[in-house]
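S.K.: Return a 3D structure for these sequence lines:
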Amino acid sequence: MNPKIKSGDKILLFGKRSYIVVSGKEEFHCQYGKIDLKNLVNKNYGTKIKAHLGEEFIALKPNIVDLLKKARRGPQVVLAKDAAQILAVAGVGKDSVVVDAGSGSGFLAIFLANAVKKVFTYESRKEFFEIARQNIKFAGAKNIEIRNRDATKGFQQKDVDLVTLDMEEPEKAIKNAHKALAPGGWLAAYSPTIEHASSACAQIRKFAFTEPRVLETTQREWRINVFDGKTRSRPRSGGIFTGFLVFARKV
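M.R.: Prediction:
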């Protein structure tokens, strides 16, 4: 069933350029002109609406990826390709509880919260804490609790299913991660360089974890066209590399 748009709903205006807006507000102004957002209230998602200069948009319900694209960025974020890899390896789901250390802009916490029961995220730097808090509110992620606290001083949660570490020196929080994890729970540490990943592996081996597994996820987009009935394909880019993921399971 296609629900009706209510006043106050976040809307993705999808067109040549896309925007996140709130229905029921008076007007939205962009490079294509102004749009009266009151006209979307009580309409179905998928409704078409025009800016006053003639550009047409489709009103869609934004998903978590749409919202993250429009969220405020502070420090470097964990991209969806790496966040999805964490979900795939750790196997967490709707009944899982996660601790996320190094909130940054809050992107990883928000992405994980879309799939799990509860996320507790820690950020030591006040300015990043505020950015993450605002993004969590923008995304409407009510199952996230954010704390302005240094992860190296310990976590308040016990028996969690996953601990993610996205911080400058993740090895300093691995002991605390081990204490917070339930038996069988997963540790995932994001490292921008292989040297950082090596340091994390060395620390992991000091505790009751499985042998650490280091992965990199490279994403490459392809262009496929048809000319004179023949298919031509080639990569659009050389591939996007962001960092290394170090995984280990508490045993």
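
S.K.: pLDDT at Asp161, what is it?
M.R.: pLDDT recorded at Asp161 is 99.

S.K.: repeat for Ala101
M.R.: 97.

S.K.: Number the residues from 760 up from this point.
M.R.: Sure, I'll start counting at 760 from here, so that last one is Ala860.

S.K.: Run through the residues that contact the nearest residue to it once chain neighbours are set aside.
M.R.: Nearest non-adjacent residue to Ala860, counting by Cβ to Cβ, 6 or more residues apart in numbering: Ala910, 3.6 Å away. For the C-beta atoms, the positions are set from N, CA and C on the backbone; glycine is no exception. Ala910 sits next to 860-861, 881, 883, 924, 926, 932, 935 when contact means Cβ atoms under 8 Å, 6 or more residues apart in numbering.

S.K.: same thing but at 10 Å, please
M.R.: Applying Cβ atoms under 10 Å, 6 or more residues apart in numbering, we find Ala910 in contact with 858-862, 880-883, 922, 924-926, 929, 931-932, 935-936, 939.

S.K.: before we move on, what about Glu975?
M.R.: 841, 844, 950, 953, 956, 1000-1004.

S.K.: at 7 Å instead, please
M.R.: The contact partners of Glu975, by Cβ atoms under 7 Å, 6 or more residues apart in numbering, come to 1000, 1003.

S.K.: I'd like to know how far it sits from Met760.
M.R.: Look at Glu975 and Met760: by Cβ to Cβ, to the nearest Å, they are 42 Å apart.

S.K.: again with Gly865
M.R.: Counting by Cβ to Cβ - Gly865 and Met760 are separated by 32 Å.

S.K.: Mind checking which of those two has more residues around it?
M.R.: Taking other Cβ atoms under 10 Å, Gly865 and Met760 do not tie; Gly865 has more neighbours (32 against 4).

S.K.: Nice, that's everything, thank you.
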